[in-house]
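Peer 1: What shape does this take:
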Amino acid sequence: MPARLTDHELARAAQLIREGKLVGFPTETVYGLGANALDARAVRRIFEVKGRPATSPVIVHVKSIEMARQLAQAWPAEAQRLAEEYWPGPLTLVVPKHPRVPDEVTAGLDTVGIRMPAHPIALALIREAGLPIAAPSANKFARLSPTTARHVRESFTEDEVPLVLDGGPTEIGIESTVVSLAGRAPVLLRPGMIAFENIARAADPGSEAHPSPGMHERHYGPRTRILLVDSGADFPAGRGVYLWWNRSGGTAKPVRMPATAREYAAVLYRTLHDLDAESWDWIAVERVPDSIEWMGIRDRLDRAAR
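Peer 2: Predicted structure coming up:
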């Protein structure tokens, strides 16, 4: 656990969670905005401070498979297999929910998304609170997800979020892969950095409520206009930045991005946060490869550019 987190901070954060208040905390993906997942009023507070629509469910974070099973009405054999293989880690499993899970968590659906995070601070907070923690990303709705504690503090007042636990920059940098196990076969609801090409098929949202967070048409975007371009493309008028990984060019300020998917994901949101603060007219982003390991990154960029 990072030395910057004291026992006092952890104890205070856990007490705030038990009191129905909100806490910002790091996971290996992005920073989360946490509340007691079993307290409907506390979960409603998440939606209020984020400006999040009630149709978007939130993920519940647990400390163990046993805690996850307590939140599920049914725990399929595939859920057990995937949890044993990928937890703790950036995988959210959507399963039939137990009645103890408030409808506010699930957008009124009969399923709940659960994951066991890999970050030591996140796990320590859940253990100390003694409760599952509902937590979407700790940002205003549809904006860039936070990958540092500073990003969280810039989004919320102290009245809204009394405490943010600082675990340094996140390791993975984009949100978890979400897979539904509520039907006969696993369904990929949101791509991430874990690939499921062998078991997942494309999801059809179908209902008014979304089966997973992060499924709104426009999401994960900075205030600055995002353009997805092919290498060597012409840029529009105005002051702009060009994020490239393969081929530079043009008259915009060049910002080189990593050429591997894992390294690219780790710095994507942090780079966009920094550029968003510089008041550019637009940010052009070179299209990333059309391969399975880049699938989660393509999803985030496509939604940001809409």
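Peer 1: What is the helix or strand of the chain with the lowest mean pLDDT packed up against?
Peer 2: Within the chain, no helix or strand scores below strand 187-190, which has a mean of 91 by mean pLDDT, DSSP states H and E. Judged by 3 or more Cβ pairs under 8 Å, 6 or more residues apart in numbering; DSSP states H and E, strand 187-190 is in contact with strand 177-180. (C-beta placed from N, C-alpha, C; glycine too.)
Peer 1: Kindly list the main-chain dihedrals of residue 113?
Peer 2: In terms of degrees, to the nearest 10, the main-chain angles of residue 113 are phi -90, psi 130.
Peer 1: Surely residue 145 and residue 139 touch.
Peer 2: Yes - here residue 145 lies in contact with residue 139, judged by Cβ atoms under 8 Å, at a distance of 5.6 Å.
Peer 1: Pull out the buried residues from stretch 49-65.
Peer 2: Using 16 or more other Cβ atoms under 10 Å as the test for burial, stretch 49-65 gives 49-50, 52, 56-63, 65.
Peer 1: Can you add distance to residue 246 and secondary structure and give the residues you listed back as a markdown table?
Peer 2: As requested, the buried residues of stretch 49-65 are exported to a markdown table (distance: Cβ to Cβ, whole Å; DSSP: H, G, I helix; E, B strand; the rest coil):
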| residue | distance to residue 246 | secondary structure |
| --- | --- | --- |
| 49 | 39 | helix |
| 50 | 35 | helix |
| 52 | 35 | coil |
| 56 | 34 | coil |
| 57 | 36 | coil |
| 58 | 36 | coil |
| 59 | 33 | coil |
| 60 | 39 | strand |
| 61 | 36 | strand |
| 62 | 39 | coil |
| 63 | 41 | coil |
| 65 | 41 | helix |
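Peer 1: Between those residues, which sits nearest residue 279?
Peer 2: Nearest to residue 279 among the buried residues of stretch 49-65: residue 50, at 24.3 Å, using Cβ to Cβ.
Peer 1: Which residues are in contact with that closest one?
Peer 2: Applying Cβ atoms under 8 Å, 6 or more residues apart in numbering to residue 50 gives the contacts 33, 136, 139-141.
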